[in-house]
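Enquirer: Got a sequence here, can you model it:
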Amino acid sequence: MSLNFTVLTCNEALHKEYGFDVEYLTQNDSIKYQQAFWSIVQCQTDNLAPFYEREERRVRNAIKLIKKIVEDLAQEKPQSRDDNKCRLILLVESNVRVTIENLLRFLTQSIERYQQVLRYYDEFHNESIEEEEMELLFSSLTFLDGRKLRRLRSALNSIDARGTLGIAANDTIVCIERERSSKLSRLRKGDSSVISKASIELETRMHKRSNYTSLLESTQECTRGTQNDKSTEKGETSDKKKKKTNVKLLRKFVSTFKRKLST
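Expert: Reported below is the predicted structural model:
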């Protein structure tokens with residue numbers, strides 16, 4: 001297994017990609033049609049479990065690797081150890097620790113965001129479903145309590161890589177700064193893999209957004225009933241214009257991104 005471990009960042013973009021998009025769900029066009037609203041909520045709820053399981057598995061595998069490497073290094077004589085490998089394992093340990101904390105924060109914020117959506121729904125439709133829906137959420141997504149992540153954090157703490165290997169704190173800082181400098185250098189040189197990854201992530205986000213929009217539009221059609229041919233043709237023309245605009249925006253973003261990286 002590789003010692004490379006990317007830190008998970010908890011931000012608004014992460015919630016929109018894998019959690020609850022509060023801004024989208026609380027729009028009048030999303031919330032006033034109940035069937036469409038709950039269909040979209042279900043889609044976003046279904047995104048949570050695979051994302052969390054993937055990240056938990058990544059953290060769990062990294063901890064196993066850290067433990068094995070630290071045990072192997074501890075059996076070596078201090079003077080014969082690879083200092084760079086010792087510093088690197090501490091860097092990976094730090095990244096895993098930050099990722100665990102950010103995952104816990106993501107789960108807490110997901111609960112708060114879902115409550116916010118439900119309260120808006122209750123107010124809009126003059127209902128009181130928040131408590132019932134929260135119970136359903138916790139029963140279906142048991143990992144939201146964060147217990148598994150806290151156990152993983154305890155397992156990481158028990159390894160005590162720094163104490164076992166006897167590495168000073170300032171050595172770890174030097175290693176971290178070198179890693180950051182390397183990534184910054186790649187960005188400034190316009191590394192093609194970095195550009196490709198950014199464009200793929202943007203396309204994925206736009207594709208998911210388009211899926212939600214299509215779901216909302218199709219359910220609205222069922223609720224409103226059959227419309228006349230003229231209005232349907234206008235709707236199709238409008239959808240085509242939106243898709244063309246999205247493609248243009250994507251191309252413009254990738255082009256601008258490449259220019260910035262090349263400077």
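
Enquirer: Name the spans of the protein whose pLDDT lies under the cut-off.
Expert: 1-3, 167-263 (pLDDT under 70).

Enquirer: Going by residue numbers, what spans are helices in it?
Expert: Assigned by DSSP state H, the chain shows helices spanning 12-18, 22-25, 28-31, 34-75, 83-125, 130-140, 147-159, 161-165, 169-189, 192-224, 229-262.

Enquirer: Output the contacting helices and strands for the third one.
Expert: Applying 3 or more Cβ pairs under 8 Å, 6 or more residues apart in numbering; DSSP states H and E, one finds that helix 28-31 makes contact with helix 34-75, helix 83-125, helix 192-224. C-beta here means a position set from N, CA and C on the backbone, and glycine is covered the same way.

Enquirer: Quick one: neighbours of residue 99, just the number.
Expert: 22 (other Cβ atoms under 10 Å).

Enquirer: again with residue 78
Expert: Neighbour tally, residue 78, other Cβ under 10 Å: 11.

Enquirer: Same check on residue 165?
Expert: Counted with other Cβ under 10 Å, residue 165 comes out at 21.

Enquirer: Could you do residue 142 as well?
Expert: 10.

Enquirer: any idea how far residue 166 is from it?
Expert: Separation of residue 142 from residue 166 (Cβ to Cβ, to the nearest Å) stands at 40 Å.

Enquirer: now residue 117
Expert: As defined by Cβ to Cβ, residue 117 lies at a distance of 50 Å from residue 166.

Enquirer: Neighbour count for those two, which is higher?
Expert: The residue with more neighbours, out of residue 117 and residue 166, is residue 117; 22 against 10, by other Cβ under 10 Å.

Enquirer: wait, residue 25 sits on residue 36?
Expert: No: counting by Cβ atoms under 8 Å, residue 36 is not a contact partner of residue 25; they are 10.5 Å apart.

Enquirer: shared neighbours, these two?
Expert: With contacts defined as Cβ atoms under 8 Å, 6 or more residues apart in numbering, no residue is shared by residue 25 and residue 36.

Enquirer: which residues does the closest residue to residue 53 other than its chain neighbours contact?
Expert: Spatial nearest neighbour of residue 53, excluding adjacent residues (Cβ to Cβ, 6 or more residues apart in numbering): residue 143 at 7.9 Å. The neighbours of residue 143, taking Cβ under 8 Å, 6+ apart as the test, are 49, 52-53, 56, 107.

Enquirer: would TSV of those residues with distance to residue 76 be doable?
Expert: Converted to TSV, those look like this (distance: Cβ to Cβ, whole Å):
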residue	distance to residue 76
49	41
52	37
53	36
56	31
107	39
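
Enquirer: Determine which two of these are furthest apart.
Expert: 53 and 107 (12.6 Å; Cβ to Cβ).

Enquirer: the more surrounded of these two?
Expert: Just comparing residue 53 and residue 107: by other Cβ under 10 Å the higher neighbour count belongs to residue 107, 20 against 11.

Enquirer: Okay, that one and residue 65: tell me how far apart.
Expert: From residue 107 to residue 65 the distance is 24 Å (Cβ to Cβ).

Enquirer: and what of residue 44?
Expert: Distance of residue 44 to residue 65, computed by Cβ to Cβ: 32 Å.
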